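> Predicted model and sequence follow; I will ask about them next.
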Amino acid sequence: MGERTDDDFVRDAIAAERRELADILDTLTPEQWDAPSLCAGWRVREVAAHMSLGFRYPLPRVLWELVRARGGLHRMTDRRARADAAALGTPQLAAALRDHARHPWRPPVGGIAAALGHDVVHGLDITVALGLGREVPHPRLRPLLERVTVTSGRFFGADLTGVRLVADDLDWSFGTGPELVGPAQELLLVAFGRGVPGARLRGAARERFGAA
């Protein structure tokens, strides 16, 4: 057998993340499904629907939806998340992740690592918002943290200029300036433009990122 590659690890991490999140979704109450997520304007059910869009729709359908949205990717994903969340039952939303654990879908840019980031961050959008206390394994977080840049932060609506992010549970830091210190997964959410309610973040840059 050949040696395992970094991509093999990421594929396994994606599959594990999807299965674990599907198991969590299976346990949610109706009230939790309808609770707000960390994605502005989306409930838990919209996030779950969005996560499986690439599995459920072939590329021609996605392109057609993009044309309908006048080329606006965010407009298209928001429309589909809301429509699919209304049309699909919660067991279907959970099963879409579990049944496609090894689906090779990738975001338009970023390759396989971006696919892992998509699953991890959206999973946290759900579990952190619901206060479930789930901890993403560090080996899944590290390749995502290592890809954090000022440019990537800007893409997700986070201004990472003039700040130093420092994980207190993992050997990782980024940037220079006043520090924002805390668990790696919460710093990842900050880098992806999320406000983290009740965050375990501290440091001089805490208020700047809405971690009150």
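Cool, the structure landed. What you see is a predicted model, and the numbers here were worked out from it, not measured in a lab.
> Okay, strands next: where are they in this protein?
164-167, 173-174, 179-182 (DSSP state E).
> I'd like to know which of those strands lies nearest to Gly89.
Closest to Gly89 of the strands of the chain is strand 179-182 (C-beta to C-beta; 36.5 Å). For glycine as for every other residue, the C-beta is placed from the backbone atoms N, C-alpha and C.
> Return the helix or strand in the chain with minimum mean pLDDT.
When each helix and strand of the chain is scored by mean pLDDT, DSSP states H and E, helix 59-68 comes last, with a mean of 77.
> can I get the strands of the chain in a markdown table with mean pLDDT?
Formatted as a markdown table, those follow (pLDDT from 0 to 100):
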| stretch | mean pLDDT |
| --- | --- |
| strand 164-167 | 97 |
| strand 173-174 | 98 |
| strand 179-182 | 95 |
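> Using TSV, lay out the ones you listed together with distance to Gly41 and mean neighbour count.
What follows is the strands of the chain, written out as TSV (distance: least, C-beta to C-beta, whole Å; neighbours: other C-beta atoms under 10 Å):
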stretch	distance to Gly41	mean neighbour count
strand 164-167	26	21
strand 173-174	28	16
strand 179-182	25	22
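> Can you report how many residues lie near Gly157?
Number of residues near Gly157 (other C-beta atoms under 10 Å) recorded here: 10.
> got the contact list for the residue positioned nearest the centre of the chain?
With distances taken as C-alpha atoms, centre = their mean, Val121 lies nearest the centre of the chain, 1.8 Å away. By C-beta atoms under 8 Å, 6 or more residues apart in numbering, the residues touching Val121 are 144, 188-189, 192, 194.
> Next step: these restricted to helices.
144, 188-189 (DSSP state H).
> Present those as JSON lines; the columns should include distance to Ala129, neighbour count and pLDDT.
Converted to JSON lines, these look like this (distance: C-beta to C-beta, whole Å; neighbours: other C-beta atoms under 10 Å; pLDDT from 0 to 100):
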{"residue": "Leu144", "distance to Ala129": "19", "neighbour count": "24", "pLDDT": "96"}
{"residue": "Leu188", "distance to Ala129": "15", "neighbour count": "24", "pLDDT": "97"}
{"residue": "Leu189", "distance to Ala129": "10", "neighbour count": "26", "pLDDT": "96"}
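> Looking at those residues, which one is closest to Arg80?
Proximity of these to Arg80 (C-beta to C-beta) peaks at Leu189, which lies at 23.2 Å.
> Find me the pLDDT at the closest residue to the closest one other than its chain neighbours, would you?
Once flanking residues are discounted, Leu189 sits nearest to Val196: 5.3 Å by C-beta to C-beta, 6 or more residues apart in numbering. Looking at Val196, its pLDDT stands at 84.
> how close does the residue nearest to the centre of the chain sit to Val67?
When distance is defined by C-beta to C-beta, to the nearest Å, Val121 is 27 Å away from Val67.
> What is the burial count for Cys39?
Cys39 - counted by other C-beta under 10 Å - has 20 other residues nearby.
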